[in-house]
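Asker: Need coordinates for the following:
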Amino acid sequence: MKSIFAATLFLAAAGLAHAGQPGPDWINFSAVTQHLQSAGYSNISEVEADDGYWKAHAVKEGQLFKVVLDPRSGNIVSATPKREDD
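Answerer: Got it, this is the predicted structure:
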């Protein structure tokens, strides 16, 4: 019983250690910024791997957006305007 608990704890800790890390088949950070720039975004910041996607904050036409990108293709999945209180 102790060995099952220890194994479960180890696997949980290992999963947490890799949370927020890009997968091995993901596009790299530079490609993320290039995709955003090609789509008309500038002032790109807070680029991070999160919940299976690349996410970033970027400005387009004077508006700040939270942009979510497919981790393998770099295609924009969503772009949500950020409010001042976000």
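Asker: Quick one: low-confidence residue ranges for the protein.
Answerer: Residue ranges of the chain with pLDDT under 70: 1-19, 84-86.
Asker: All the strands of the protein, residue numbers only.
Answerer: Using DSSP state E, the strands assigned to the chain run over residues 42-50, 53-60, 63-69, 76-81.
Asker: Could you dump those strands into TSV and include mean neighbour count and distance to residue 25?
Answerer: To be clear about C-beta, it is placed using only N, CA and C from the backbone, and glycine gets the same treatment. Output for those, formatted as TSV (neighbours: other Cβ atoms under 10 Å; distance: least, Cβ to Cβ, whole Å):
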stretch	mean neighbour count	distance to residue 25
strand 42-50	13	12
strand 53-60	20	13
strand 63-69	18	14
strand 76-81	13	17
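Asker: Nearest to residue 24, out of these?
Answerer: Ranking these by proximity to residue 24 (Cβ to Cβ) places strand 42-50 first, at 11.7 Å.
Asker: now the angle from the closest one to strand 63-69?
Answerer: If you take axes from the mean of the first three to the mean of the last three Cα atoms, to 10 degrees, strand 42-50 sits at 40 degrees to strand 63-69.
Asker: Within its sheet, name the partner strands of strand 42-50 and how each one runs.
Answerer: With DSSP bridges as the criterion, the sheet partners recorded for strand 42-50 are strand 53-60 (antiparallel).
Asker: tell me the angle the partner strand makes with strand 76-81.
Answerer: With the same axes, to 10 degrees applied, the angle from strand 53-60 to strand 76-81 works out at 50 degrees.
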